[in-house]
Every structure is written in structure tokens, then in C-alpha cells.
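Engineer: Give me the fold of what follows.
(2 chains)
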Amino acid sequence: MASVNKTSSAGTETVVPKMTLAKRMDRIQMHLRREWQLYVMLAPTIIWFVVFLYKPMYGLQIAFKDYSIFRGVADSPWVGFEHFANLFSNDQFIRAVKNTISISALNLLFGFPAPIILALMFNEVLNKTYRKTSQTIVYLPHFISSVIIAGIVVTAFSPTAGIVNTVLGWFGIDSIYFLTRPEWFRPIFIGTGIWQEAGFGSIVFLAAIAGVSPSLYESAVVDGASRWQMIWKITIPCIMPTILIMLIIRIGNIMEVSFELIILLYQPATYSTADVVNTFIYRQGLQSGQYDMAAAAGLFNAVVAFVLVMTANTLSRRFSRTSLW
Amino acid sequence: MSGVFLEGIVKRYGAVEVVHGIDLEIQPQEFVVLVGPSGCGKSTTLRMIAGLEEISDGTLRIGERVMNRVAPKDRDVAMVFQNYALYPHLNVAENMAFGLRIRKTPKAEIATTIEETARILGLTEYLERRPADLSGGQRQRVAMGRAIVRHPDVFLFDEPLSNLDAKLRTQMRAEIKRLHKRLGVTSVYVTHDQVEAMTLADRIVVMADGRIEQIGTPMELFNNPANVFVASFIGSPPMNQFEATLEDSDAGPIAHANGTLIQLHGQEALRGSAGRDVIIGIRPEHVMLNAEPGTASIPIELDLIETLGSEALLHTHVGRETFVAKVETHGEIGHLHGVNALHVKPERVKVFDKETGQAIGQVA
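Structural biologist: Sure thing, here's the model as predicted:
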């Protein structure tokens, strides 16, 4: 039997038997025979990933080709990094990258803590009926289609009949056409995102809070901690692993700014602050037919997201012993 | 140090009353153990003392002060929880310092107190570790350390050893006893384990169904159980109990159980109770293999011998009833196989009224 030598901390060498290929195959077969039901249940997810996420990767090569829909992916000529060079010399793309980063950073700053704060607040509400009612109310916007959400926003901020301008009017402030003003796009977009998702996002933090042992709070009560101190010194530290996991996932999606809502809310007048990489890809790829350039922009987006999620995961593992993998 | 005084303490959850008017006086520096089966109200009583549960009725005093409406933090009590309640994100030193920091104790004083307490509990080398990196026993010591550093008037322990294995439990029991001796803080300890109660307590409070069944020193409870519940709860193996009818004889009262006559010489209080239905209780430890002058003899059928090393448990039958005897082996059990009668001193035989379950007759 093959073996490997290992040196223990004491410095002595121990011989660890190495499993032969046949034995390993035997073990895998035995495992599959025993657990085949689990693999059958897993299959649809794997198939979905393969068909919709891995197979399309074949098409990524058009980012390096002068793609023509008549020649197809395989027969289009290679152009190397030409599309990437063009992208980085394209002011619109650079602006889209900057906007994506700005919107994502603001979203992370305001949108990420919102569900945590909401969950902490729900946890402090003692009246069950009040808590359940308010939870239902804040969960609801998540289930409304982005088109309707955008419709509500457009109506609310309308310069003629919108509630916002009506209220401003009560204070003698002239109507503002918010959705055509670049400086207002980001606050409106981020505010809408928080309104739509903070409630639903709080569920995962509420579940984490529910997992905190009640005896920790009881012990703190006996020690003399106030409710505020318990939130800061017990609840938040105890749900920190969940917060970090959610943060890593969020950072991984940093380049995926809510595409639908931006498409629905932005207009040429607000491109300077609203146009993001995804909307740029949409305009270049679908509207202008530059699929190769759009593929290059998409690939760039994916690579950045990959690097970000890897970095966040590594940092989290190093500093807080919590990581996705 | 302050005493803890409960006067007619009642706990209700809605319409359901779970603790029915408890009266208990715990003297300063005393170690009192509340013991009883699950759901008997012992933890609820402890939590009412801590202020974690509201008192529905009655008066709780710690020292001279009525505590019914006083916040837990102002009761000057420290509590050790069953699952230790250690903060997972804090290391041992920070866990122990938590209560002191909340109370804004000066940093230098915190450091000194932590150092001293860690030394007492043997935790000095673990101060930087987090709870996840400690063994069960170490965690338990940290939980106690967190209570000790507060220098409270009263310690409250809620089944603190029930998550430990048997060996560690024995070890920690001794440590708690030693600590109490050293610190002399009034302590109220809740457990369902009667061995823990017997070994730790100055006085034991046996509870059942939200009521106190008996209060006494461990030996009082062992020797003179007030009723059949206490008799069966305290002691391991539990007291043997079987139904009998009292009869009078010239030599004194006799219990007649399934054709077996048990002399109750000396239990004069039972004289004149002929015909009364009773429950006879005999502790397995009070049974002897050899007759002595005046002992009552009980014919038995030997069923099984359980060897414990220095002792053995004889599982026998007295008539239809199971009867367990705990006898010394002196290193061998061969002589036990031929046993066909056991002996007990009449004053060791406990008699309980069949109807009420309360002890009657002489108290040894």
C-alpha cells in the first residue's frame, strides 16, 4: 500500500497510509449507493446551474472576437483584447463603472444596515400583534413587481400630482421634477431600494436574533445591562457572523445594481448619475447590436465581482473567523 | 451577607398557578438547595428571586428590603445559568468583566478582581480564550467567575452542573462547596439531582407541584422524610415502600405486609392504630444481612445482585413488592447468593399514612 510521510509537531515522522485509487472508487460507489436520494434531489439545481450559468460561458469568447451573428460564435475572428481597450477608452463605459461603484457604495452604506436596524427594532417590540402587523407591512413591497414600484415612485415624485411635491408646496417650495435631475436620482433610487427590500431582508437577521440564547439576555439583565447595552453588547455581536456572510454576498453583487429599477427610472437626462454597467451593456448589446463589446463589459463586471467576493471572504475569515467557504 | 425570605410567594401564568404560596427563610451565608422533579417550580422560584419572573403574590425580601418591584440589577444577586450564558464573542476575561463594565467599575479595579478570581478558579491561563475554546468544566468555572467578581449578596445557581459529565460534575460539586466555604455568600441552588442536593446543601428544600414538601438538612431528609414523595425522591436507590396494615402486639406495634410481619418496637406512637392502612418505608442502606437483638426480620426471595464494588444492590421480593437492599461486600459477593432474609432495626422502619402519604409514628 502506498503511504506518505508526515512530520508531526514533535518532529517525529509518522507514516499515513495513502488510499489507492481502487479503494477510493469503492468508497465513492458505496457512498453513492447509500445516499443516492440526496443526489437526485440535488440534480435539478446542478442542471439549472449547468444550463443557465455554465453553458452560456461558452459564449463569453465573443468578448475576444469580432462577433457576427451570421458567422456564429465559433467562426467569428479573434481580436484579442480589442473590445476591452475600446471599453476603457469609452467615456460612457468609464462613467457607467463610476456610477455603478458610487450607487453600490451608497447602497452598501445605507441599504445594508437598514434591514439589520429593522430586525433589531422588531426584536424590541414586545406587543405581538403590533410586531406582526408592522412586519407584514414592511415585507409587502418585496413582493411587488419592479414595474409597479417604479410606477409608484414616478407618481410620488411627479411635479404635478406627486405627493412629494404636494407636501413641498405646503411649505411654499416650488415643484421639482426629481426624476429628470441627476443629483436626485441616487437618493431616490437608494431610498426606493431600501423601501422595497429592507423589510424582506430583515427576515434573515430576525432569524439570527432568534438564535441568540435568551439566557445571555437574562444574565445581562441580572448584571444590570440596559436594553440599549444589550443590543450593542449582545445582539449585534451574536449576529455578527450572519451580518458578515450577508455582507460578503452583498459585496459579491456590488456590480449588479438593480438593473430593472434603473432601466425603469432613468432617462437620458439622468444618465450622468444613473447609467450603470448593466444598463450600458443593455444599450450596447441589445439596442446597438454590439454583442462582443457588451460581452466584454459583462466579463469585466463578473471578474470584478469575483475578485471582490474573494477578497471580502478572505478578510472576513482572517479577522472574524466567519466566511462563506 | 443578606438572607433571602419568601413569604407566601405565588406565581401565575394567566389563570394557571404554578407556585402555590411558598414560605422559606434562607439565613445569611446559608447554602440552600431547591430540589424536585421537572416542572415542580424550583427554577421559577429561583427566577423570581433573581427578578427574571414577576411575583404574582407574596413578599420577597433580601436582607431587610422588599424586592418584589426592584429591578434585577438592584437586587445585588448574581446568577449562574444552566447553559453558562457566556458571551461567545468575548474572551474569558471580558466575560468575567462584563457585569463590572456595565456598572462602570474603574478599569484597574476590574483588572485586579478578574486576576484574583481567575486565580481562585484556576482560569489564569485561559483568560484570553473564547468560550468555544474551553471545555465544559472550564466554561462552568468562567460562569461562576462572572458571578463571583460582582461580590454579590446572594448567589443563584440554576442547575449549573447538569450539562457536565458525571466525573466533571463530581469535581465541580466539590469546587462549588469549597468556594462557598471560602466566600461565605448566601447561595440558592436549583437542581433535580438529589445527589447534588445532598452533597452541597446546608439545608434542602424538596419541592413538588409548586409546593414545598419538606425543608431540612440532608440527614434530616434522609432519615426522617415527611412524606412518601420525599422518601422516594431523596436517596439512591430510593426508599423501599410497600403497603401494610398495622397490628398491635404485647411487644409493640407490628406491620403486616403480604404475610410478612415487621416488628415496630419502640414506635410507641403507633400503638392503638391497629387496622390502619399504612405504607412502610425502609431505606436500602438501613437493611442488614445479619440479625441483631431486636431487629425485625424480613423474609425475601433474591432476584438479582448488582455489584458496585465495595457495595452490592440486592434486588429482592417481599411478597409481591420489589425490595432493594444496599449491603457491603467486603470484597466478595459469594455469601450474598444464599440470602433469604434481611434485617432492619425497628426504629429505621418508616411508616406513612396510606391515605395522606404523610409520615406517622416515631421519628428516629
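Engineer: which bits of the stretch 101-250 of chain B sit near chain A?
Structural biologist: B:102-103, B:146, B:150 (CB under 8 Å from any CB of the partner chain). (Each C-beta comes from the backbone N, C-alpha and C, glycine too.)
Engineer: Sort out which of those residues are buried, if you could.
Structural biologist: Buried subset of these (neighbour count, 16 or more other CB atoms under 10 Å in any protein chain shown): B:102, B:146, B:150.
Engineer: residues making contact with the helix ranked longest in chain B?
Structural biologist: Assignment by DSSP state H gives helix B:166-183 as the longest helix of chain B. Under the criterion CB atoms under 8 Å, 6 or more residues apart in numbering or on different chains, residues B:31, B:120-121, B:136-137, B:140-141, B:144, B:148, B:155, B:157, B:160-161, B:164, B:187, B:189, B:196, B:199-200 lie in contact with helix B:166-183.
Engineer: before we move on, what about stretch B:57-68?
Structural biologist: Contacts of stretch B:57-68 (CB under 8 Å, 6+ apart): B:2-10, B:12, B:21-22, B:48-49, B:51, B:55, B:75-77, B:153-154.
Engineer: Tell me how far stretch A:67-82 lies from the chain's centre.
Structural biologist: 32 Å (CA atoms, centre = their mean, to the nearest Å).
Engineer: Helix or strand: which one has residue 306?
Structural biologist: Just going to use chain A. For A:F306, the element it lies in under DSSP states H and E is helix A:291-320.
Engineer: actually chain B
Structural biologist: strand B:301-307.
Engineer: Tell me the strands beside that strand, with direction?
Structural biologist: Partner strands and pairing direction for strand B:301-307 (DSSP bridges) are strand B:311-318 (antiparallel).
Engineer: For the helix or strand just after the partner strand, which outside residues touch it?
Structural biologist: Scanning forward in sequence from strand B:311-318 by DSSP H and E, the next helix or strand is strand B:321-328. Strand B:321-328 has contacts (CB under 8 Å, 6+ apart) with B:237, B:240, B:242-243, B:257-258, B:282, B:284-285, B:287-289, B:298, B:300, B:303, B:310-317, B:336, B:342.
Engineer: how many other residues sit next to B:T117?
Structural biologist: Per other CB atoms under 10 Å in any protein chain shown, the neighbour tally for B:T117 reads 22.
Engineer: no, scratch that, I was asking about B:V19
Structural biologist: For B:V19, the neighbour count with other CB under 10 Å is 26.
Engineer: contacting residues for the residue lying closest to A:Y67 once chain neighbours are set aside?
Structural biologist: Spatial nearest neighbour of A:Y67, chain neighbours left out: A:D292 (4.0 Å); criterion: CB to CB, 6 or more residues apart in numbering or on different chains. A:D292 makes contacts with A:62-63, A:65-67, A:76, A:79, A:83, as judged by CB under 8 Å, 6+ apart.
Engineer: Let's test this: what are the backbone torsions at A:R131?
Structural biologist: Here is the backbone geometry of A:R131 (degrees, to the nearest 10): phi -70, psi -50.
Engineer: So the residue nearest to it when sequence neighbours are not counted versus A:I173, what's the distance?
Structural biologist: Nearest residue to A:R131 in three dimensions, chain neighbours excluded: A:V125, at 4.2 Å (CB to CB, 6+ apart). As judged by CB to CB, to the nearest Å, A:V125 and A:I173 stand 35 Å apart.
Engineer: of these two, who's got more company?
Structural biologist: More crowded of A:V125 and A:I173, by other CB under 10 Å: A:V125, with 13 against 10.
Engineer: and the residue nearest to A:Y67, how far is that from B:V33?
Structural biologist: Taking CB to CB, one finds A:D292 at 80 Å from B:V33.
Engineer: now B:V149
Structural biologist: 24 Å.
Engineer: same check, this time on A:S146
Structural biologist: Separation of A:S146 from B:V33 (CB to CB): 63 Å.
Engineer: before we move on, what about B:S135?
Structural biologist: 25 Å.
Engineer: ditto for B:V92
Structural biologist: In terms of CB to CB, B:V92 sits 28 Å off from B:V33.
Engineer: do the same with B:S273
Structural biologist: Using CB to CB, B:S273 is found at 34 Å from B:V33.
Engineer: So these two - more neighbours on which side?
Structural biologist: Shown here are B:S273 and B:V33; by other CB under 10 Å, B:V33 has more neighbours (25 against 19).
Engineer: In three-state terms, label the residue in the stretch 1-150 of chain A that chain B sits nearest to for me.
Structural biologist: Closest contact between the stretch 1-150 of chain A and chain B, by CB to the nearest CB, is at A:L126 (14.0 Å). When classified by DSSP: H, G, I helix; E, B strand; the rest coil, A:L126 comes out as coil.
Engineer: and B:A108, how many residues sit next to it?
Structural biologist: 8.
Engineer: got a list of what it touches?
Structural biologist: Listed by CB under 8 Å, 6+ apart, the contact set of B:A108 is empty.
Engineer: Go ahead and measure how far the helix or strand encompassing it is from the middle of the chain.
Structural biologist: Element membership for B:A108, per DSSP H and E: helix B:107-121. Taking the mean of its C-alpha atoms, helix B:107-121 sits 32 Å from the chain's own mean (CA atoms, centre = their mean).
Engineer: Just the CA coordinates for it, please, in PDB.
Structural biologist: C-alpha atoms of helix B:107-121 as PDB (Å, rounded to 0.1, in the frame of the first residue of the first chain):
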ATOM      1  CA  LYS B 107     -10.600  49.600  35.000                       C
ATOM      2  CA  ALA B 108      -7.800  49.000  37.500                       C
ATOM      3  CA  GLU B 109     -10.300  47.500  39.900                       C
ATOM      4  CA  ILE B 110     -11.700  45.300  37.200                       C
ATOM      5  CA  ALA B 111      -8.300  44.000  36.300                       C
ATOM      6  CA  THR B 112      -7.400  43.200  39.900                       C
ATOM      7  CA  THR B 113     -10.700  41.500  40.600                       C
ATOM      8  CA  ILE B 114     -10.500  39.400  37.400                       C
ATOM      9  CA  GLU B 115      -6.900  38.400  38.200                       C
ATOM     10  CA  GLU B 116      -7.800  37.300  41.700                       C
ATOM     11  CA  THR B 117     -10.900  35.400  40.700                       C
ATOM     12  CA  ALA B 118      -9.200  33.700  37.800                       C
ATOM     13  CA  ARG B 119      -6.500  32.500  40.300                       C
ATOM     14  CA  ILE B 120      -9.100  31.200  42.700                       C
ATOM     15  CA  LEU B 121     -10.900  29.300  39.900                       C
END
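Engineer: Spell out, range by range, the helices that occur in the stretch 101-250 of chain B.
Structural biologist: B:107-121, B:136-148, B:166-183, B:194-200, B:218-223, B:228-233 (DSSP state H, counting those that start in this stretch).
Engineer: nearest to A:Y130, of these?
Structural biologist: With CB to CB as the criterion, A:Y130 lies closest to helix B:136-148 of these, at 34.9 Å.
Engineer: Domain-wise, how is chain A divided?
Structural biologist: A:3-48, A:83-320 (automatic domain parsing).
Engineer: can you give me the end-to-end distance of the longest one?
Structural biologist: Read it as domain A:83-320. Between the opening and closing residues of domain A:83-320 there is a gap of 40 Å (CA to CA, to the nearest Å).
Engineer: list the contacts for the residue nearest to B:E213 when sequence neighbours are not counted?
Structural biologist: In this structure, B:E213 finds its nearest non-sequential neighbour in B:V206, 4.5 Å apart by CB to CB, 6+ apart. Counting by CB under 8 Å, 6+ apart, B:V206 touches B:35-36, B:212-215, B:221, B:229-230, B:233-234.
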